[in-house]
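# structure, please.
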Amino acid sequence: MPEPITVVVADDHALIRSAVVSIVNSSPDMRVVGEAETTEGAHDETLKHSPRVLVLDIDMPGKDVFQLVIELRRDRPNTEVLVLTGNVHDSLIKSSRQVGVKGYLSKADRIETVVDAIRELAKGNTFNSPAVRDRILPVDAKRGAGTTKGERLSDRELEVLRYVGRGFAKKQIAEMMNISVKTVDKHVTTVMDKLDIHDRVELARYAIREGLIKA
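The predicted model follows:
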């Protein structure tokens, strides 16, 4: 029998952590070697056990989770990181990909999806939740990698989006940006097309969710 895939599970919610540990340990080809409820704990358990995969909640007490991943990629390069989170946002997906995360799951996914993801990461492949795949566009020939929908927005379009999110009318936006209402309207249409959002209320929600403005 081949050696099982070793896994560390880090999540500050005990019920979720317990569920992930249970489903992993019920799979004959993998086993949990450590658990943690803070990013510091995840760091220590990963250094101690050198797991093949670290299942990591993206929002836990302690140091910044992306800084943690950077450190672990340096100190335990053979450990792959599987992000498990309730926040499927463009900004978080982008940050995760930038630090080398190869797996990103939503907590809305079936719990069984975790073991599928772990197997793929152990092989060196990527595995993303359907909700994440919907946010990542196909490979761009110029960039050489897929991009999130939010990454496609220009600085000017982001500026318009922030104003829309704050509830300003197109005429007000035009005056503040010193452009015509027609140009504002064109920018709004382009932003909606790029984000696949076709409602100003949803645009505002997107801006708040992605941290572009404060609620």
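# three-state assignment of the nearest residue to residue 152 once chain neighbours are set aside?
Closest residue in space to residue 152, ignoring its immediate chain neighbours: residue 194 at 4.9 Å, by Cβ to Cβ, 6 or more residues apart in numbering. The way it works is simple: take the backbone N, C-alpha and C, and place the C-beta from them, glycine included. With DSSP: H, G, I helix; E, B strand; the rest coil as the basis, residue 194 sits in helix.
# what's the weakest-modelled helix or strand in the protein?
Sorting the helices and strands of the chain by mean pLDDT, DSSP states H and E puts helix 130-133 at the bottom, at a mean of 76.
# can you pull up the most central residue in the protein?
Using Cα atoms, centre = their mean, the residue of the chain that lies closest to the mean C-alpha position is residue 93, 3.0 Å off.
# can you name the next helix or strand after the helix or strand that contains it?
Per DSSP states H and E: residue 93 is located in helix 90-98. Taking DSSP H and E as the definition, the helix or strand that follows helix 90-98 towards the C-terminus is strand 103-106.
# what strands line up against that next one, and which way round?
Strand 103-106 sits in its sheet next to strand 80-85 (parallel), strand 127-128 (parallel), going by DSSP bridges.
# give the buried residues for stretch 112-128.
Of the residues in stretch 112-128, 113-115, 117-122, 127-128 count as buried by neighbour count, 16 or more other Cβ atoms under 10 Å.
# give me the phi and psi for the residue nearest to residue 41 when sequence neighbours are not counted.
For residue 41, ignoring the flanking residues on the chain, the nearest one in space by Cβ to Cβ, 6+ apart is residue 10 at 6.6 Å. Taking degrees, to the nearest 10, you get phi -120, psi 110 for the backbone angles of residue 10.
# any idea how far residue 10 lies from residue 169?
When Cβ to Cβ, to the nearest Å is applied, the distance between residue 10 and residue 169 equals 46 Å.
# same drill for these two, tell me which one is more crowded.
Neighbours around residue 10 and residue 169, counted as other Cβ atoms under 10 Å, are more numerous at residue 10. The numbers are 28 against 12.
# surely the more buried one touches residue 42?
Yes. Under the criterion of Cβ atoms under 8 Å, residue 10 lies in contact with residue 42, with a separation of 3.6 Å.
# what do the two both touch?
When contacts are counted by Cβ atoms under 8 Å, 6 or more residues apart in numbering, residue 10 and residue 42 are jointly contacted by 36, 54, 56, 60.
# of those, which belong to helices?
The helices in this structure, assigned by DSSP state H, contain none of these.
# output the below-cut-off pLDDT ranges for this structure.
Where the chain drops to pLDDT under 70, the residues are 1, 134-148, 214-215.
# on that earlier part again, touching, the residue nearest to residue 152 and residue 153? I think so.
Yes. Counting by Cβ under 8 Å, residue 153 is a contact partner of residue 194 at 6.0 Å.
# counting neighbours, go ahead and name the busier of the two.
Looking at residue 194 and residue 153 with other Cβ under 10 Å, you find the greater number of neighbours at residue 153, namely 20 against 17.
# need the helices for the chain, in chain order.
Applying DSSP H to the chain gives helices spanning 14-25, 39-49, 65-75, 90-98, 113-122, 130-133, 155-165, 170-177, 181-195, 200-209.
# can you redo those as CSV with distance to residue 32?
Below are those laid out as CSV (distance: least, Cβ to Cβ, whole Å):
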stretch, distance to residue 32
helix 14-25, 5
helix 39-49, 10
helix 65-75, 17
helix 90-98, 22
helix 113-122, 10
helix 130-133, 24
helix 155-165, 42
helix 170-177, 52
helix 181-195, 38
helix 200-209, 32
